[in-house]
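Novice: Need a 3D model of the sequence below.
(one chain, ligands or ions: 3)
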Amino acid sequence: MSVLAEPGTNDQANVPMTTWVEVLVDCPGAQGIFTYRLLPPLIVQPGDLLSVPFGMQQVGAIAIRCLEQPPADLEAKQIRDVDATLQSRFFSATYWQLLNRVADYYCTPLMQVVRVALPPGLLSRSQRRVRLVGRKDQGERIKDKDATSLSLTSSPPHPLTPAAQQLLTLLHASKTGDYSWQYLQRQCQGAYRGLQELVKDGLVANYLEPPTTVRPKQRLAVTLVASPAPFDLTPRQQEILAVLRRQGGELWLTDLLQLCQTSSTTLKGLAQKGQVVIQPREVLRREGGPTVTADVAKSLTPDQAAALEQLQALSGFTQVLLHGVTGSGKTEVYLQAIAPLLQQGQSALVLVPEIGLTPQLTDRFRARFGDRVCVYHSALSEGERYDTWRQMLNGEAQIVIGTRSAVFAPLPRLGLIVLDEEHDSSFKQDQPAPCYHARTVAEWRAELEQCPLLLGSATPSLESWVRIRGQGAEGRREERGERGERGERGEEPESTPHLELKTQSSLAKRHVHKVAPSELALLKTLPPSFPRLFLSLPSRVYDRPLPPIEVVDMRQELHQGNRSVFSRSLRLALIAMKERQQQGILFIHRRGHSTFVSCRSCGYVVTCPNCDVSMAYHHSHTEATPLLRCHYCNYNRLLPNDCPSCQSTYFKHFGSGTQQIAQALTQQFPDLRSIRFDSDTTRTKGAHRALLTHFAAGEADILVGTQMLAKGIDLPQVTLVGILSADGLLHMADYRASERAFQTLTQVAGRCGRGDDPGRVILQTYSPEAAVIQAVQQHAYERFVDDELQHRSQLHYPPYSRLVLLRFASTSPVAVQQAAERVALALADLEAQGVERLGPAPATILRVARRYHWQILLKLPLDQPVTLPDATALRVLCASSVSLTIDIDPLHLL
Ligand SMILES: Nc1ncnc2c1ncn2[C@@H]1O[C@H](COP(=O)(O)OP(=O)(O)OP(=O)(O)O)[C@@H](O)[C@H]1O
Ligand SMILES: [Zn+2]
Ligand SMILES: [Zn+2]
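Specialist: Ligands and ions are numbered 1, 2, ... in the order given. Just a heads-up that it's a prediction; the model follows:
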């Protein structure tokens with residue numbers, strides 16, 4: 001981490017000089033950047049955490065940039081002084097640039113980005129306190145520099161008001177001469193006025209107490225005792241001991257309770273019988289996992305070895321796409337790429353789509369690297385996030401595994417960023433702003449830190465495929481010339497975000513503060529050139545075959561009298577699986593309230609005549625006439641009673657959840673034991689791990705679940721995957737439906753046959769002829785991509801255009817519609833710049849949580865820059881009850 005600028009010192013003269021600093025303040029409603037003066041000997045760098053006066057308050061602030069001259073439009077006496085540095089180099093210079101870039105690109109105020117990056121409550125943990133001025137025995141954190149300019153008399157120059165007097169008395173009574181402002185406010189009526197008076201008289205001062213070291217937390221641990229088992233253990237107690245033994249003999253109490261679904265009374269019973277010891281242990285509140293047995297590097301397959309070799313030959317920023325089929329051992333490549341980095345004192349960041357996926361992956365990393373692995377995701381408690389964050393700042397080389405917000409993890413000396421399952425849409429934040437994509441942010445971060453970005457997937461996103469595969473080596477040569485200018489002293493943090501704009505000479509010269517954010521966002525749609533590398537693992541480890549996929553036409557099942565959700569094939573396969581004592585996974589696609597409508601007899605799906613997407617079943621409220629609506633263009637029609645194509649009455653909106661399937665399963669296969677794995681059953685902390693552990697231990701035959709199942713589960717004994725209906729995926733009202741369907745189906749199918757026994761997939765659908773289904777069946781990723789890209793290019797969808805989604809929400813249906821229409825009008829002249837506008841249209845689910853939603857979708861051309869009206873200007877057009885979110889590169893258009 002190099003310090004880019006050190007204003008405030010003058011080395012030659014060795015005399016500190018006055019400088020100015022621009023800061024962001026953490027205070028509700030305070031938008032924008034404020035300038036403060038720095039009096040010697042105070043030295044501040046961008047990214048420092050400061051305490052500044054703001055109105056009548058003392059607030060936390062973050063230094064953004066130092067100035068040698070005060071801004072011309074500010075009078076000297078208007079500028080107030082920085083009070084103190086609370087923590088210096090809170091953010092490194094490159095980290096700052098990253099945050100700025102995110103704010104610019106995603107049209108979000110910088111402070112909002114800072115809030116995403118920081119663990120929750122970090123700034124608000126800083127506590128405002130009030131102290132007597134001139135007392136010797138106060139805390140030393142804040143130097144009494146302002147005391148010199150104030151009278152040190154302890155008697156007031158004039159009679160005090162009762163409130164002021166009361167405050168003073170309280171403070172004098174305190175041993176340290178200070179109190180939290182909150183406490184004083186509670187104790188004294190009219191405290192605010194009283195404080196104002198005392199501050200004016202120089203008798204007391206405000207200060208901000210920086211986040212203090214949190215008291216170590218104690219937690220109960222359960223340890224197995226090696227004593228002979230008494231005769232009176234219940235089967236339940238024996239079971240618990242077995243679990244504990246399997247987990248290495250020691251677990252946190254809460255984890256054991258979760259894992260065994262038992263009560264602490266049962267555990268206390270075991271403790272009384274001398275079988276376990278329950279005692280408090282000190283913990284750093286990083287998420288701890290069960291002890292995992294240590295593991296050594298596997299000897300690589302030739303493909304893995306080749307990939308690793310190329311990875312290790314890289315230096316500096318390179319975007320790498322690792323396309324490896326399911327079960328090809330991508331994780332092993334990540335592990336072996338990271339090992340030497342740690343030895344060189346570098347850190348690595350590993351981003352994964354969802355928490356459900358982390359336990360197994362985390363265990364693999366822990367098994368290899370022990371407690372140099374930290375887990376960081378939003379499901380951690382505030383305390384855990386806070387501690388993990390501080391742990392990252394300590395400078396030790398480490399590995400952070402986390403979900404999208406971990407892309408902001410403040411790791412020292414980053415040597416590699418990995419995005420596993422890079423195609424996964426949960427890397428994109430839909431709400432609230434900034435609506436960032438972790439892959440995009442990771443790309444900038446890798447560029448700023450000059451390290452490789454490794455994108456791994458069995459089914460890469462079309463964006464990554466086109467970016468990394470679709471362009472030849474010429475790009476790579478160009479790049480080399482672009483580097484070498486980083487890390488130099490004196491470089492302004494703001495200048496690097498625009499590296500890729502260098503070809504745009506006129507615009508590149510413009511200063512960051514002068515370029516409207518929206519303009520910036522759109523400039524970046526021009527494909528930048530960058531170093532890239534494509535790596536491939538075309539087969540599974542040990543040359544295990546990919547599982548054969550049998551496609552079952554559910555229309556035929558119906559015609560032949562089978563009305564069950566299980567086809568005859570699947571039924572037989574389930575029976576055979578149970579006989580062989582193997583395990584299986586049943587996948588159900590389920591999402592939200594709205595869904596497409598299809599014919600169970602002929603497979604017909606209603607699509608929009610204008611937009612080529614399936615129309616969604618629309619229920620604004622229960623009594624309303626059911627409508628089908630295209631949420632792109634707002635075309636709508638009544639829901640037909642019979643199939644428009646074959647007149648069958650088996651025409652209804654689709655959707656059966658995991659619960660119904662699990663019930664049907666128990667009815668039809670009473671001896672199959674199943675575990676539900678969906679958002680309902682995995683809500684509690686640690687539930688993913690617990691359920692997967694049960695399943696892995698053979699406590700059930702079938703895992704029934706949703707999309708979550710598709711992600712990274714690696715269980716060798718799973719030999720059967722049943723996909724109950726692929727159709728929910730095929731007909732999502734979205735231009736990405738096919739891509740997502742291909743990815744999800746391929747990933748789910750890839751969960752079986754990963755061990756010694758071969759796997760088998762049964763895919764049930766009403767549209768067996770769909771191109772996606774065919775491609776999935778033939779494991780034909782590249783062919784699918786070629787077809788899909790052609791389609792996208794014809795319809796001007798990404799990656800051949802950039803999308804911007806404007807989302808309006810309000811409790812008033814009238815206001816939200818008006819706002820959308822007004823903004824649409826304001827956007828009308830974008831057409832001249834080649835922008836296509838779709839909408840305004842109500843969102844598929846018009847009313848969610850008592851708010852009405854409308855949207856406008858913009859399709860921007862890639863080959864020319866577009867200037868959008870400024871976000872603030874658009875917000876002015878909306879009534880105050882309407883919120884407008886600008887989603888750049890949206891993934892979910894619903
Ligand atoms: N070189 C190797 N030798 C032996 N086993 C290996 C090797 N590499 C990986 N494996 C094992 O193969 C299995 C699959 O590997 P891994 O989970 O990394 O695949 P993947 O490519 O990430 O698959 P997916 O994309 O389906 O999640 C794992 O159990 C892993 O331990
Ligand atoms: Zn339409
Ligand atoms: Zn029909």
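Novice: Report the contact partners of the residue positioned nearest the centre of the chain.
Specialist: Centroid-nearest residue in the chain: residue 404, 2.3 Å away (criterion: C-alpha atoms, centre = their mean). Shown in contact with residue 404 (C-beta atoms under 8 Å, 6 or more residues apart in numbering): 351, 426-429, 436, 438. From N, CA and C alone the C-beta is placed, and that goes for glycine too.
Novice: again, only using 10 Å
Specialist: 116, 351-354, 377-378, 419, 424, 426-429, 436-439, 441-442 (C-beta atoms under 10 Å, 6 or more residues apart in numbering).
Novice: Return only those of these found close to ligand 1.
Specialist: Among the contacts of residue 404, no residue is within reach of ligand 1 (C-beta under 6 Å from any ligand atom).
Novice: Taking these, please make a PyMOL selection of just the buried ones.
Specialist: Entered in PyMOL, the line below selects the buried ones among these, by 16 or more other C-beta atoms under 10 Å:
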select buried, resi 116+351+352+353+354+377+419+424+426+427+428+429+436+437+438+439+441+442
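Novice: Which ones among the contacts of residue 404 lie within strands?
Specialist: Assigned to strands by DSSP state E, the following of the contacts of residue 404 qualify: 351, 419.
Novice: Skip the chain neighbours and tell me the closest residue to whatever residue of the stretch 351-500 of the chain ends up closest to ligand 2.
Specialist: Closest to ligand 2 within the stretch 351-500 of the chain is residue 430: 21.5 Å, counting by C-beta to the ion. Using C-beta to C-beta, 6 or more residues apart in numbering and skipping the chain neighbours, the partner closest in space to residue 430 is residue 892 (5.5 Å).
Novice: can I assume that neighbour is in contact with residue 803?
Specialist: No - contact criterion C-beta atoms under 10 Å: residue 892 and residue 803 do not qualify, at 11.0 Å.
Novice: who has more neighbours, the two?
Specialist: residue 803 (20 against 14; other C-beta atoms under 10 Å).
Novice: Tally up the residues packed near residue 560, please.
Specialist: Residues lying near residue 560 (other C-beta under 10 Å) number 8.
Novice: er, residue 780 I mean
Specialist: By other C-beta under 10 Å, 16 other residues sit near residue 780.
Novice: quick one, what contacts it?
Specialist: Here residue 780 is in contact with 742, 746, 771, 774, 786-787 (C-beta under 10 Å, 6+ apart).
Novice: Poorly predicted segments of the stretch 451-600 of the chain, please.
Specialist: Counting by pLDDT under 70, the ranges of the stretch 451-600 of the chain that qualify are 471-528, 590-596.
Novice: What segments of it are strands?
Specialist: Shown for the stretch 451-600 of the chain, the strands assigned by DSSP state E, counting those that start in this stretch span residues 453-457, 532-537, 549-553, 583-587, 597-599.
Novice: can I get the ones you listed in CSV with mean neighbour count and distance to ligand 1?
Specialist: As requested, the strands of the stretch 451-600 of the chain are arranged in CSV below (neighbours: other C-beta atoms under 10 Å; distance: least, C-beta to the nearest ligand atom, whole Å):
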stretch, mean neighbour count, distance to ligand 1
strand 453-457, 27, 7
strand 532-537, 19, 7
strand 549-553, 18, 15
strand 583-587, 27, 13
strand 597-599, 23, 30
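Novice: possible to save those as TSV with distance to ligand 2?
Specialist: Formatted as TSV, the strands of the stretch 451-600 of the chain follow (distance: least, C-beta to the ion, whole Å):
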stretch	distance to ligand 2
strand 453-457	31
strand 532-537	36
strand 549-553	29
strand 583-587	30
strand 597-599	15
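Novice: Could you say which one of the ones you listed comes nearest to residue 107?
Specialist: strand 453-457 (23.6 Å; C-beta to C-beta).
Novice: what lines up beside that closest one in the sheet?
Specialist: strand 319-324 (parallel), strand 414-420 (parallel) (DSSP bridges).
Novice: Tell me which stretches of the stretch 401-550 of the chain form helices.
Specialist: 438-449, 462-464, 474-480, 505-508, 517-523 (DSSP state H, counting those that start in this stretch).
Novice: Also the stretch 751-894 of the chain?
Specialist: In the stretch 751-894 of the chain, the segments counted as helices under DSSP H, counting those that start in this stretch are 771-777, 781-795, 813-826, 871-876.
Novice: now these in a markdown table, with mean neighbour count?
Specialist: As requested, those are arranged in a markdown table below (neighbours: other C-beta atoms under 10 Å):
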| stretch | mean neighbour count |
| --- | --- |
| helix 771-777 | 21 |
| helix 781-795 | 16 |
| helix 813-826 | 19 |
| helix 871-876 | 16 |
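Novice: Please render those helices as JSON lines that adds mean pLDDT and distance to ligand 3 to the earlier fields.
Specialist: Compiled in JSON lines, the helices of the stretch 751-894 of the chain are given as follows (pLDDT from 0 to 100; distance: least, C-beta to the ion, whole Å):
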{"stretch": "helix 771-777", "mean pLDDT": "94", "distance to ligand 3": "18"}
{"stretch": "helix 781-795", "mean pLDDT": "91", "distance to ligand 3": "25"}
{"stretch": "helix 813-826", "mean pLDDT": "91", "distance to ligand 3": "35"}
{"stretch": "helix 871-876", "mean pLDDT": "82", "distance to ligand 3": "44"}
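Novice: would JSON lines of these with distance to ligand 2 be doable?
Specialist: JSON lines is the format used below for the helices of the stretch 751-894 of the chain (distance: least, C-beta to the ion, whole Å):
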{"stretch": "helix 771-777", "distance to ligand 2": "21"}
{"stretch": "helix 781-795", "distance to ligand 2": "12"}
{"stretch": "helix 813-826", "distance to ligand 2": "16"}
{"stretch": "helix 871-876", "distance to ligand 2": "24"}
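Novice: can those helices go into TSV with extra columns for distance to residue 235?
Specialist: Shown next, in TSV, are these (distance: least, C-beta to C-beta, whole Å):
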stretch	distance to residue 235
helix 771-777	45
helix 781-795	49
helix 813-826	59
helix 871-876	63
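Novice: which stretch among those helices comes nearest residue 695?
Specialist: Between the helices of the stretch 751-894 of the chain, helix 771-777 lies closest to residue 695; by C-beta to C-beta that is 24.4 Å.
Novice: Are there helices or strands packed against that closest one, and which ones?
Specialist: Helix 771-777 is packed against strand 549-553, helix 727-730, helix 737-749, strand 760-765, helix 781-795, with contacts defined by 3 or more C-beta pairs under 10 Å, 6 or more residues apart in numbering; DSSP states H and E.
Novice: of the ones you listed, which approaches residue 347 most closely?
Specialist: Among the helices and strands packed on helix 771-777, the nearest to residue 347 by C-beta to C-beta is helix 737-749 (28.7 Å).
Novice: gap between that closest one and the chain center?
Specialist: Mean-position distance between helix 737-749 and its chain equals 21 Å (C-alpha atoms, centre = their mean, to the nearest Å).
Novice: What of stretch 253-261?
Specialist: With C-alpha atoms, centre = their mean, you get 27 Å for stretch 253-261.
Novice: likewise stretch 716-723?
Specialist: Mean C-alpha position of stretch 716-723 versus that of the full chain (C-alpha atoms, centre = their mean) differs by 29 Å.
Novice: For it, list every residue counted as buried.
Specialist: Neighbour counts over stretch 716-723 (16+ other C-beta under 10 Å) mark 717-723 as buried.
Novice: Can you add pLDDT, distance to residue 588 and secondary structure and give the residues you listed back as CSV?
Specialist: Shown next, in CSV, are the buried residues of stretch 716-723 (pLDDT from 0 to 100; distance: C-beta to C-beta, whole Å; DSSP: H, G, I helix; E, B strand; the rest coil):
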residue, pLDDT, distance to residue 588, secondary structure
717, 90, 21, coil
718, 92, 17, strand
719, 94, 19, strand
720, 95, 15, strand
721, 94, 12, strand
722, 94, 9, strand
723, 92, 8, strand
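Novice: Now the two most distant members of the residues you listed.
Specialist: Across the buried residues of stretch 716-723 (C-beta to C-beta), the longest gap, 19.2 Å, separates 717 and 723.
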